[in-house]
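Enquirer: Give me a model of this one.
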Amino acid sequence: MTLFPNYKRAPITFTKMSNATWTDQTGADYIDLSSGIGVYNVGANNPTVVNALKTQADLFWHLPNLYDNPLQETVANKLGGSKYTVYFANSGAEANEAAIKLARLATKRPNIISFTNSFHGRTYAAMSATGQDSIHQGLPMLDGFLYAEFNHIESVKALLNDDVAAIMLELVQGEGGVVPADSNFVNQLVALAHEHHTLIIVDEVQTGIGRTGTKFAYEQFGFTPDIVTSAKALANGLPVGAMLAKNQFAPALSYGTHGSTFGGNPLVMAAASATLDELDTILPTISDKIAILWDKLATFSQLDAVNDVRGLGMMAGISLNIPVAKVVTDLQQQHVLALSAGHNTLRLLPPLTIPTEQLLTGLDIIKNSLSKK
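Expert: Predicted structure coming up:
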């Protein structure tokens, strides 16, 4: 055995990708409705990102954080503007680890409230913040994490006290089954947090970088989080994570409190900068594609195999009453790539750049497949 058996891999090898088309070792093309688990938001092998990457690769690949890195400043400004200070890591889990550490340092309080059904990563603090027993199975969790019920404000009130540093939430629970937060719940949560001088951490690892129709999902909920985390699509395929915090909290992460050898690496910063530029050209018209997606998905509710269809923007979950794993495999055989998520949900995360005709073709294949179940 050469690799640990911690992944269930489909017996497909991909050799080439272009936007929402992936090509396997036999030359067969697949419609990608997964974005590589929410990574290729501006399409696989995006030419602008590729050119930026090649240009930087010809200069140098690595620069330790012992020296000024103007590329980090550029990406930080594009990502957080003037209201946020940015720390760069290598993944969403690492960004969440940094957010948890910062919240505790800034408030001098020990506890974090997160939510049942949430997912924040598999490093130890991020895993401890995750409110899923299946993720915790067989391992002791860290102290200092409390779990409220998602979309249930009274459960938050029952846990909130002067020992709580932050409330950590996803505005759409991705791995938990593509479950959006209720806007009224979010409004009450924000008011409650402000009343208790408790920070709000929004995990935008999956919902960020345009996935829900705006750069970040929080923009659609009418508030500004104290801390935001991002990763996945930020460099459109290169490993990067970012923690954004309101400027007043920056001094809490002082010299020596945190760091990363590869965080903000020049290669990924070049790719992230180009990705954010691409996003600026895509988002002004993405609402048209989102409308087409949801008009089509609305017809799925009539299928016997479908319990519910939910989501936000270009992030959709189809709750099934048949085994979702079998559906994902069947779709692969029909050359459509989709994902599973919690609560027996078929998860769709198509690239924002997918041609409308290709998107509709993929959805038709899914609908036809489900209609036969």
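
Enquirer: what's the helix or strand of the chain with the lowest mean pLDDT packed up against?
Expert: Ranked by mean pLDDT, DSSP states H and E, the helix or strand of the chain with the weakest confidence is helix 133-136, at a mean of 93. With contacts taken as 3 or more CB pairs under 8 Å, 6 or more residues apart in numbering; DSSP states H and E, helix 133-136 sits against helix 124-129. Any C-beta I mention is one placed from the backbone N, CA and C, and that applies to glycine too.

Enquirer: Only the buried residues of the helix it packs on, if you could.
Expert: Judged by neighbour count (16 or more other CB atoms under 10 Å), helix 124-129 contains these buried residues: 125, 126, 127, 128, 129.

Enquirer: which one of these is nearest residue 69?
Expert: residue 126 (25.3 Å; CB to CB).

Enquirer: OK, contacts around that closest one?
Expert: 92, 93, 96, 97, 100, 120 (CB atoms under 8 Å, 6 or more residues apart in numbering).

Enquirer: what about dumping the CA coordinates of the least confident helix or strand of the chain to CSV?
Expert: The C-alpha coordinates for helix 133-136 follow below in CSV (Å, rounded to 0.1, in the frame of the first residue of the first chain):
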residue,chain,number,x,y,z
ASP,A,133,-20.0,13.7,15.6
SER,A,134,-18.8,11.8,12.5
ILE,A,135,-15.8,14.2,12.2
HIS,A,136,-15.0,13.8,16.0
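
Enquirer: Kindly provide the whole-number mean pLDDT of the helix or strand following it.
Expert: Next helix or strand after helix 133-136 toward the C-terminus (DSSP states H and E): strand 145-148. The average pLDDT within strand 145-148 is 98.

Enquirer: Show residues contacting strand 145-148.
Expert: In contact with strand 145-148 (CB under 8 Å, 6+ apart) are residues 111-116, 128-129, 131, 155-156, 158-159, 164, 167.

Enquirer: one more time with 7 Å
Expert: Identification of contacts with strand 145-148 by CB atoms under 7 Å, 6 or more residues apart in numbering yields 111, 112, 113, 114, 115, 116, 128, 129, 131, 155, 156, 159.

Enquirer: so what are the domain limits for the protein?
Expert: The record's domain parsing of the chain by automatic domain parsing lists 14-46+285-371, 49-282.

Enquirer: would you turn those domains into CSV with distance to residue 3?
Expert: Shown next, in CSV, are the domains of the chain (distance: least, CB to CB, whole Å):
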stretch, distance to residue 3
domain 14-46+285-371, 17
domain 49-282, 17
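
Enquirer: In contact with residue 230, which residues?
Expert: Contacts of residue 230 by CB under 7 Å, 6+ apart are 95, 204, 205, 208, 209, 241, 242.
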